[in-house]
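**Student:** Any chance you can model this:
(chains A and B)
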Amino acid sequence: MTVTKQIKDKFKDKVEILEKSKKRIYISVVKEDAKDVARYLFSDLGARFSTASGIDTRLGVEILYHMAFDKNGIVVSIRTLVPKPELEMHTFTDIIPATEWIEREIHEMFGVDFIGHPFLERLLLPDDWEEGVYPFRKKTFESEKENLER
Amino acid sequence: MAKEKLIPIGPFHPLLEEPEYFKFRVEGEKVTGADVRIGYNHRGIEKLAESKTYEQDVFLVERICGICSTSHPFAFVQAAEDVSGIEVPERAKYIRTIIGELERIHSHMLWVGLAGHFIGYNTVFMWAWKYREPVLDIFEAISGNRNHYGMFKVGGVRRDIKESDIPGLLKAIDEVEKFCSMLTKAVMDDPVIQARTKGIGILKKQDAIDLCVVGPVARASGIAIDIRKDHPYAAYDKVSFEKIVMKDGDVFSKAAVRLLETIESVKIIRQCLKNMPQGPIDAGIREIGAGEGIGQHEAPRGEVIHYIRSNGSNYPERHKIRAPSFMNVPSFKRTVIGQSISDAALITAAVDPCYCCTERMAVVDNDTNKVLLTGEDLVRLCQEKTEKLKGKIT
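**Tutor:** Coordinates of the predicted model:
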């Protein structure tokens, strides 16, 4: 049974699956269900957590968790949106210990708070970096306006 | 009970490619805690890549790492090609494979040399680095550069390998193989090296799965993952080679995986040079469409993964880079605790984290902040232990 079918059978309407090519699958899921999908892929299907990537969009920070299936040669990316302005997400560190560093990185670069993370401190930015400045946020009209008024 | 001491290592080590800062807590000789802080060399390349064109980004990512300088362009061009399913000409795929494997040989040799220095075997250090030179000469013959080859571009490669050069290259490869086999045998059969590295800094298989380590670190712990076999790309599905897997997870296994891999790399290069088809080396890509793509490459240290989001312009909207050390470095916490401080330098080095630390290593008394041991002292401790073992064995 293919990975796509297994995921579809397990999560039914909760997931929206896009097979971009034979090797690349993208699954869109709401943030409340993302952890269940990740747990299923990692613990039950034996995927390897490769990395996660954030991207700042108009509605929130979109996070993609890239999971590699080394036996089938495919990469499954779990796509979820962390809506603005709260930017809160459940940590994955309790189910996938390897996510510890990347969650710290997304926290400092995008300002996403990972609830339950054991050590959400800075990883890459210097200690004297200004609080509340997130380098990977895109410039918005509002932030530019604030800059001009300052 | 012995008083607990804190040993800060780093952030700047001349032996590491990147500054990292390790803190070891020790009781007597035993390491009881470990922590690591990175980010001293964070150059904002991901952000910078968003303001450069795809053409420029290839050169930018090549400069992420000085040792495995092809790993990042390899993954980057594949990510860009994945966005809109660009097909690369066959000949270009073979040339890419040759460059990737040559790099693996010289990177692994560099590591073996440094590991030899750490355990006080400077002969290994001299040999490995001497035999690494011919590999760099081959690079110079192919690309014109000993490092930062500038060979990659989206849709193909920049330079062809001339047919008339191939016999000479094959001869040079034979020489490299001779050196690799000799060095591998010399290192793996040495009773002192075995005594010094076996059973030290073990990363258990389950820990390796939990931490999702990649490359030789994973393969030394019994996890048979290799992007070249599992997610075939370039010409890796057209050549035959072995996946080297060990089961012990100690320093010796990590060294053995790397050494044996160099010989497999030689095999791959030879097959590529012999079977390379004629034809164009570049697909002539003018633009990259909108969408997203993922590129993977098995770098000497493990899987490199790049993710690109494109909005159809000639700048990526988002470019995420994940180097293998990002996954491998956190495994320290599981390997170094409970070990003796004279092995700490070797265990941290065994991951091949982009090495540079020793010179600034210092043992500091927790209460007085007085420096007790410097980096040189830690390497000396490591070397002295080898001397003692040598005395017992011979």
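
**Student:** Is any residue of the longest helix seen in chain B near chain A?
**Tutor:** Ranked by number of residues, the top helix in chain B under DSSP state H is helix B:90-118. No - Helix B:90-118 lies apart from chain A when judged by CB under 8 Å from any CB of the partner chain; the minimum separation is 15.7 Å. Just so you know, the C-beta spots here come from the backbone N, C-alpha and C atoms, and that holds for glycine as well.

**Student:** distance between that helix and the chain's centre?
**Tutor:** Averaging C-alpha positions (CA atoms, centre = their mean, to the nearest Å) puts helix B:90-118 9 Å from its chain's average.

**Student:** tell me the mean pLDDT over that helix?
**Tutor:** Averaging pLDDT along helix B:90-118 gives 92.

**Student:** Tell me the residue of the stretch 101-250 of chain B that sits nearest chain A?
**Tutor:** Closest residue of the stretch 101-250 of chain B to chain A, CB to the nearest CB: residue B:212 (3.7 Å).

**Student:** so who does that residue touch?
**Tutor:** A:48-50, A:96, A:98, B:327 (CB atoms under 8 Å, 6 or more residues apart in numbering or on different chains).

**Student:** Quick check: closest non-adjacent residue to it.
**Tutor:** residue A:98 (3.7 Å; CB to CB, 6 or more residues apart in numbering or on different chains).

**Student:** can I assume the one you found is in contact with residue B:208?
**Tutor:** No - in terms of CB atoms under 8 Å, residue A:98 does not count as a neighbour of residue B:208; the distance is 10.1 Å.

**Student:** returning to what we had before: show me what the longest helix of chain B is packed up against.
**Tutor:** Here helix B:90-118 is seen to pack against helix B:71-84, helix B:122-143, strand B:156-157, helix B:166-189, helix B:251-275, strand B:290-299, helix B:341-350, helix B:375-393 when contacts are counted using 3 or more CB pairs under 8 Å, 6 or more residues apart in numbering or on different chains; DSSP states H and E.

**Student:** Those: which one's closest to residue B:100?
**Tutor:** helix B:71-84 (5.9 Å; CB to CB).

**Student:** Could you double-check that residue A:67 lies in contact with residue A:75?
**Tutor:** Yes - judged on CB under 8 Å, residue A:67 makes contact with residue A:75 at a distance of 7.1 Å.

**Student:** joint contacts of those two?
**Tutor:** The contact sets of residue A:67 and residue A:75 overlap at residue A:50 (CB under 8 Å, 6+ apart).

**Student:** now stretch A:67-76, how far from the chain's geometric center?
**Tutor:** 17 Å.

**Student:** contacting residues around it?
**Tutor:** Contacts with stretch A:67-76, where a contact means CB under 8 Å, 6+ apart, come from A:3, A:7, A:22-27, A:38, A:41-42, A:45-50, A:66, A:77-78, B:225, B:230-232, B:294, B:296, B:303.

**Student:** Just want the angle from the longest helix of chain B to helix B:71-84.
**Tutor:** Orientation of helix B:90-118 against helix B:71-84 (axes from the mean of the first three to the mean of the last three CA atoms, to 10 degrees) gives an angle of 150 degrees.

**Student:** Compute the inter-axis angle for helix B:90-118 and helix B:251-275.
**Tutor:** Using the same axes, to 10 degrees: helix B:90-118 against helix B:251-275 is 150 degrees.

**Student:** number of nearby residues for residue A:130?
**Tutor:** Neighbours of residue A:130 under the rule other CB atoms under 10 Å in any protein chain shown: 6.

**Student:** wait, I meant residue B:4
**Tutor:** Using other CB under 10 Å as the criterion, residue B:4 is surrounded by 12 other residues.

**Student:** Quick one, grab the pLDDT at it.
**Tutor:** For residue B:4, pLDDT reads 77.
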